[in-house]
Structures are given as C-alpha cells and as structure tokens.
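>>> Test case, fold it:
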Amino acid sequence: MIKADLVNKIAKEMNISKQEAEQGVSIFFETLKEALLRGEEIELRGFGSFRFRTRGPRSGRNPRTGEPVQIPAKKILYFKPSKILKNMINR
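Numbers count the residues shown, from 1 in each chain. Have a look, this model is predicted:
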C-alpha cells in the first residue's frame, strides 16, 4: 500500500474528497515526523509504537579496501507492533 492507496481508502470510507483525505493524511505524517525529530516516542494503541534505540560505536571494514573503519554511535528508529496487531498477523 502506498500513500495514494491510503488517501483513496479514507476518501471512500469517510465519503470526503480526495483532496481532504490527502490533507488529513499529510497532516498525520507531518505530525509524526515532527514528534520523531524532537526525539519523542510515538505510541498508537492497537497498532504499535515507534521508539529509538542507540547503536553503539563499532569497528567495521571498508569493503573496497579492506581497511578497518570506526563506525560512530547512532540512534536507530524501530517499530514495535502492538500485541493486538501481532495476534492478527499470526492468526
């Protein structure tokens, strides 16, 4: 499913124009992005949560030259599905 499919589904289900549905979907995603950029975790009950994990620094290798390279620590965004969603998927 892509964003356009989501917009079409919402427009049809709510009996609103595609422009209104697109605006609502865009506002929703912008709000999520803004919260994540502020470092907030997002929890959508019955769906799942978006959280950050910190990946520590580690050693790696340059695939081209084989030289050892230090990879710095970074934050990783991950999605954890809710128990309800997990159960629905695994039925």
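
>>> helices and strands around the helix or strand harbouring E43, which ones?
For E43, the host element (DSSP states H and E) is strand 42-44. Counting contacts by 3 or more CB pairs under 8 Å, 6 or more residues apart in numbering; DSSP states H and E, strand 42-44 is packed against helix 18-37, strand 48-55. For the C-beta atoms, the positions are set from N, CA and C on the backbone; glycine is no exception.

>>> domains in the protein, as residue ranges please.
If you go by automatic domain parsing, the domain ranges for the chain are 1-40, 41-91.

>>> what sits against F79?
Counting by CB atoms under 8 Å, 6 or more residues apart in numbering, F79 touches 48-50.

>>> Report pLDDT for it.
Listed pLDDT for F79 reads 96.

>>> got it, and the one 4 residues further on?
Here, the pLDDT recorded for K83 equals 95.

>>> Against R91, how distant is it?
Here the criterion is CB to CB, to the nearest Å. By it, K83 lies 13 Å from R91.

>>> coming back round to it: so among the contacts of F79, which ones count as buried?
Buried subset of the contacts of F79 (neighbour count, 16 or more other CB atoms under 10 Å): 48, 50.

>>> which of the domains of the chain sits most buried?
Highest mean neighbour count of the domains of the chain: domain 1-40, a mean of 12 (counted as mean count of other CB atoms under 10 Å).

>>> Just want the phi and psi numbers for I71.
Backbone torsions for I71, taken as degrees, to the nearest 10, come to phi -100, psi 120.

>>> What does the pLDDT read for it?
With respect to pLDDT, I71 has a value of 95.

>>> Same question for I27.
For I27, the predicted pLDDT is 97.

>>> what do you get for T54?
We have a pLDDT of 93 for T54.

>>> which residues does the spatially closest residue to it that is not a sequence neighbour contact?
Closest residue to T54 apart from its sequence neighbours, by CB to CB, 6 or more residues apart in numbering: K75 at 5.8 Å. The contact partners of K75, by CB under 8 Å, 6+ apart, come to 52-55.

>>> try E67
R61.

>>> Please apply the same query to P81.
Taking CB under 8 Å, 6+ apart, we find P81 in contact with 47-48, 89.
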